[in-house]
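In: I would like to see how this sequence folds:
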Amino acid sequence: MSWQRARQPDQKAERVAAILEAAASLFDEKELADISMRDVAATAGLGKASLYHYFNTKEEVFISLYREELHDWLLDVESRLKRLRSPTPKRIAKSLTEAIRDRDRFCRLTVVLASVLERNLTTDFLREFKRSLLPSLERCVAAIQSVQPNMSAAAVQEFIIQHHAVIAGLWPLAHSSEEVSTLMQEDEFRGHQVNFYRTFESTIRQLMQPQ
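Out: The predicted structure is shown next:
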């Protein structure tokens, strides 16, 4: 597909959506380091030069994709927490675990957010990105407080940081290279394999316990 440069806001939004869809499909198949702006442009049906009308760097593309994935995750979290009856740390942890199950893309983007994606960006872009996250943060705080009313807003914000830090640190341990995965099948190491969802849930449950 060959697209002319968008002139109207709705046309631009359509182009951006196509670019992010292309980036998502590539990221589902490859590591971020193996994806180029040329790859994104080709998959989106754009010329590489046209892609730069919408995004200046690969980091801008994928940090924008992260923002979309975060929004979808938050909608799921809100829905799951609203359905909880007699919420306990154990039940909340289970709901938050189910909210990231099958969200590999979101988890993988969370892993590279601070170390890779928030680099090679202008201050203006970063400021707008951080500003765009504030409403989502407020909604997430409200969702957690709805089931943990004794937690202050500051405590919930700290918990949200911890929640994302658990994903960022645990995911690589549980999704190692093919060579390491094969090695861990040997009897000597089998008991040391990391189950991502089980360990995530138990960690979140501990974080939800009253201090």
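In: from here on, contacts and neighbour counts on C-alpha atoms
Out: Noted.
In: contacts for the helix or strand bottoming out on mean pLDDT in the chain, please.
Out: Across the helices and strands of the chain, mean pLDDT, DSSP states H and E gives its lowest value to helix 178-183, namely a mean of 72. Residues outside helix 178-183 that contact it (CA atoms under 8 Å, 6 or more residues apart in numbering) are 175, 189.
In: following element in sequence after that helix, please.
Out: Toward the C-terminus, helix 178-183 is succeeded by helix 196-208 as the next helix or strand (DSSP states H and E).
In: state the mean pLDDT of that next one.
Out: On average, the pLDDT along helix 196-208 is 96.
In: what's the closest non-adjacent residue to Leu137?
Out: Gln157 (7.8 Å; CA to CA, 6 or more residues apart in numbering).
In: count of residues packed around that neighbour?
Out: 17 (other CA atoms under 10 Å).
In: what pLDDT does it get?
Out: Model confidence at Gln157, expressed as pLDDT, equals 95.
In: and the gap between it and Glu138?
Out: Using CA to CA, to the nearest Å, Gln157 is found at 9 Å from Glu138.
In: low-confidence ranges in the chain?
Out: 1-8, 180, 184, 191, 211 (pLDDT under 70).
In: give me every residue that touches Phe189.
Out: Counted by CA under 8 Å, 6+ apart, Phe189 has contacts Leu183.
In: residue closest to the middle of this protein?
Out: In the chain, the centroid-proximal residue (CA atoms, centre = their mean) is Phe106; its distance is 3.0 Å.
In: identify the residues contacting stretch 190-203?
Out: 93-94, 96-97, 101, 166-167, 170-171, 173-174, 184.
In: among the residues you listed, name the ones in helices.
Out: Taking DSSP state H, the ones among the contacts of stretch 190-203 that sit in helices are 93-94, 96-97, 166-167, 170-171, 173-174.
In: drop anything exposed from those residues.
Out: 93-94, 96-97, 166-167, 170-171 (16 or more other CA atoms under 10 Å).
In: so what's Arg38 closest to, chain neighbours aside?
Out: Counting by CA to CA, 6+ apart, Arg38 lies nearest to Lys48, which is 5.5 Å off, once chain neighbours are set aside.
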